[in-house]
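K.L.:
quick check, what structure comes out for this input:
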Amino acid sequence: MLDEIRQQPAALAHTLSSQMRRVERFKRLVEKKRPRLIVLVARGTSDNAALFGRYLLEITTGIPVSLAAPSIATLYNARMDYRETLVVAISQSGESTDTNLVLERARQQGALTLGITNESRSALARIAEHVFLVGAGREKSVAATKTYTGQMLMMYLLAYALGGGVKIADLERLPDAVDATLQLEPEIDALSERYRFMRHAVVVGRGLNYANAFEFALKLMETCYVVAERFSSADFMHGPIALVEPNFPVFAFAPPDVTWPSIGETLDKLHGLQAEIVAITDSGNRQAGTRATKTIRLPRRVKAVLTPIPYIVPAQLFAACLAVQKGHDPDKPRTISKVTLTL
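P.N.:
Sure, this is the predicted structure:
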């Protein structure tokens with residue numbers, strides 16, 4: 001898992017360089033007939049990438065985005081009207097049974113279909129009309145890391161293709177930003193020792209980093225066996241904050257963007273409750289350090305819209321290091337496997 005986390009700068013750079021021709025072809029296609037709706041379908045970590053995509057695509061393109069409920073097709077056999085709709089299936093292996101079935105039926109029901117996968121020979125790559133390939137190389141660890149950031153990069157490229165104003169020159173800076181963030185590994189490893197006996201936690205994010213709260217919590221659950229709940233800072237204040245007591249661990253994504261007032265208010269409330277707060281931020285947000293117990297500060301700032309990829313890297317490192325602190329093998333979590341088949 002740690003090796004694959006460290007491979008992310010190269011994986012992102014390769015994905016970007018290898019897929020631009022496909023992306024440009026797709027861009028020319030959708031310029032002729034722009035979809036009125038986008039539906040994203042995925043499971044697990046890929047579903048978190050889809051959640052990020054929903055925020056990014058709606059913010060940058062103005063096209064409404066929905067996250068598919070696969071059971072609508074797999075269990076209820078509902079027929080959908082997908083005319084003028086782009087349906088995007090996201091899967092690391094490309095072999096997720098329910099994801100593929102939804103995409104196959106969407107294509108039959110009039111959708112333009114796009115598959116995003118790490119495997120060029122997968123079933124998903126055969127089913128979809130158009131394919132964006134994550135160039136992450138084989139991912140051996142059960143806990144997905146480099147494929148998650150690769151899928152997020154694909155969401156940026158999809159936003160670019162749909163005229164969302166995303167600049168390729170900005171995306172080309174992401175590998176260096178991630179590489180700089182990886183230099184925090186010794187600091188994060190040392191911090192993880194403090195949480196060796198942690199059994200419960202909450203992860204908070206909002207906006208573009210809301211999906212990262214889900215992904216960080218998932219990594220804590222599947223590699224460290226920590227019961228980790230994840231919330232938007234707005235939802236958290238509407239009730240779940242009642243579970244917080246002194247020293248209760250809360251992890252917060254706190255970039256210096258439009259989400260900071262909400263996140264900052266949440267941290268103030270948590271500080272008053274004597275919670276144990278770890279904030280992930282960068283040099284553009286000095287206030288986070290005064291409101292958190294511990295701060296993981298990224299060494300390099302990026303544009304607000306680009307923060308999610310470098311911001312998830314400290315969370316990945318923390319989960320991998322904490323698993324080792326707890327005596328677990330993060331590469332082989334108990335009871336789960338790399339490819340999960342569900343209907």
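K.L.:
where do the strands sit along the stretch 101-250 of the chain?
P.N.:
For the stretch 101-250 of the chain, the strands defined by DSSP state E, counting those that start in this stretch occupy 112-117, 130-133, 200-205, 227-232, 249-253.
K.L.:
now do the shortest one: everything it contacts.
P.N.:
What it means is strand 130-133. Residues from elsewhere that reach strand 130-133 (Cβ atoms under 8 Å, 6 or more residues apart in numbering): 15, 18-19, 22-23, 26, 29, 112-118, 120, 124-125, 154, 157-158. In this view, the C-beta of every residue, glycine as well, is placed from N, C-alpha and C.
K.L.:
pull out the buried residues from these.
P.N.:
Buried by 16 or more other Cβ atoms under 10 Å: 15, 19, 23, 26, 112-118, 124-125, 154, 157-158, out of the contacts of strand 130-133.
K.L.:
tally of neighbours for Phe231?
P.N.:
Phe231 has 23 neighbours, counted by other Cβ atoms under 10 Å.
K.L.:
quick one: mean pLDDT for stretch 232-250?
P.N.:
The pLDDT scores in stretch 232-250 average 92.
K.L.:
in it, which residues are buried?
P.N.:
For stretch 232-250, by 16+ other Cβ under 10 Å, it's 232-233, 236, 241, 244, 248-250.
K.L.:
and stretch 283-292, by the same measure?
P.N.:
Within stretch 283-292, the residues that qualify as buried by neighbour count (16+ other Cβ under 10 Å) are 284-285, 287-288, 291-292.
K.L.:
so which of those residues belong to helices?
P.N.:
The helices, defined by DSSP state H, take in 287-288, 291 from these.
K.L.:
can you tell me which of the buried residues of stretch 283-292 is nearest His271?
P.N.:
Nearest to His271 among the buried residues of stretch 283-292, counting by Cβ to Cβ, is Arg291 at 5.5 Å.
K.L.:
coming back round to it: now the strands of the stretch 101-250 of the chain as CSV including distance to Thr74?
P.N.:
CSV is the format used below for these (distance: least, Cβ to Cβ, whole Å):
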stretch, distance to Thr74
strand 112-117, 17
strand 130-133, 22
strand 200-205, 29
strand 227-232, 25
strand 249-253, 33
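K.L.:
and those strands: which comes nearest Pro330?
P.N.:
Smallest distance to Pro330 across these (Cβ to Cβ): 14.6 Å, for strand 227-232.
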